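[1] below are the sequence and a predicted model; questions follow.
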Amino acid sequence: MNKYPSMEVELGSHTDCRASIAYNEKLSDRRAKASANYIKSKIDNPDRIYGKGYGESKLLNDCACEGNVKSDCSEEEHEKNRRTEFKVISFGGDVKIINNSTNSFDKEGN
């Protein structure tokens, strides 16, 4: 992030379903903020990164288990839902977008 001083990033943390919705929202928010705080301590302008917890609201698979719904998913399947994702919110004006090939492009695709 020091290389791209205008880039803004969200760290979004997620949980599996195996606690209450309220607990998972708080847990994921604490995880996201802890991750963001670590990175903030390593960069020049820490206001450009923040953490946000999503709880179990964005599961990657069909492993829901709230209320009367009981999941028969394996531990590995639940594990896929416990994650922190980096999301670039803004590139700012000084970043070139690079795709998966060896070509690089500016914001207009040139």
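    Structure received.
[2] what count of nearby residues applies to I21?
    14 (other C-beta atoms under 10 Å). The way it works is simple: take the backbone N, C-alpha and C, and place the C-beta from them, glycine included.
[3] now it: how far from K58?
    I21 sits at a distance of 13 Å from K58 (criterion: C-beta to C-beta, to the nearest Å).
[4] contact partners for D29?
    Going by C-beta atoms under 8 Å, 6 or more residues apart in numbering, D29 touches S13, G51, K52, G53, G55.
[5] can you point out the buried residues in the one helix or strand it maps to?
    Using DSSP states H and E, D29 falls within helix 21-40. Going by neighbour count (16 or more other C-beta atoms under 10 Å), the buried part of helix 21-40 is N24, E25, L27, S28, D29, R31, A32, K33, S35, A36, I39, K40.
[6] for stretch 6-18, measure first residue to last.
    Distance between the two ends of stretch 6-18: 38 Å, counting by C-alpha to C-alpha, to the nearest Å.
[7] is it fair to say S71 lies in a strand?
    No. Under the criterion used here (DSSP: H, G, I helix; E, B strand; the rest coil), S71 is coil, not part of a strand.
[8] thinking again about what came up before, past the helix holding D29, which element shows up next along the chain?
    Next helix or strand after helix 21-40 toward the C-terminus (DSSP H and E): strand 49-55.
[9] hmm, who's touching that following strand?
    Against strand 49-55 from outside (C-beta under 8 Å, 6+ apart): 1, 8-15, 21, 24-37, 39-40, 43.
[10] quick one: strands adjacent to it?
    Partners of strand 49-55 in the sheet, by DSSP bridges, are strand 8-14 (parallel).
[11] could you figure out how far the strand it pairs with is turned away from helix 21-40?
    140 degrees (axes from the mean of the first three to the mean of the last three C-alpha atoms, to 10 degrees).
[12] residues of strand 8-14 that come out buried?
    Going by 16+ other C-beta under 10 Å, strand 8-14 has these buried residues: E8, V9, L11, G12, S13, H14.
[13] ok, stretch 39-46 next?
    The neighbour-count check on stretch 39-46 (16+ other C-beta under 10 Å) flags I39, K40 as buried.
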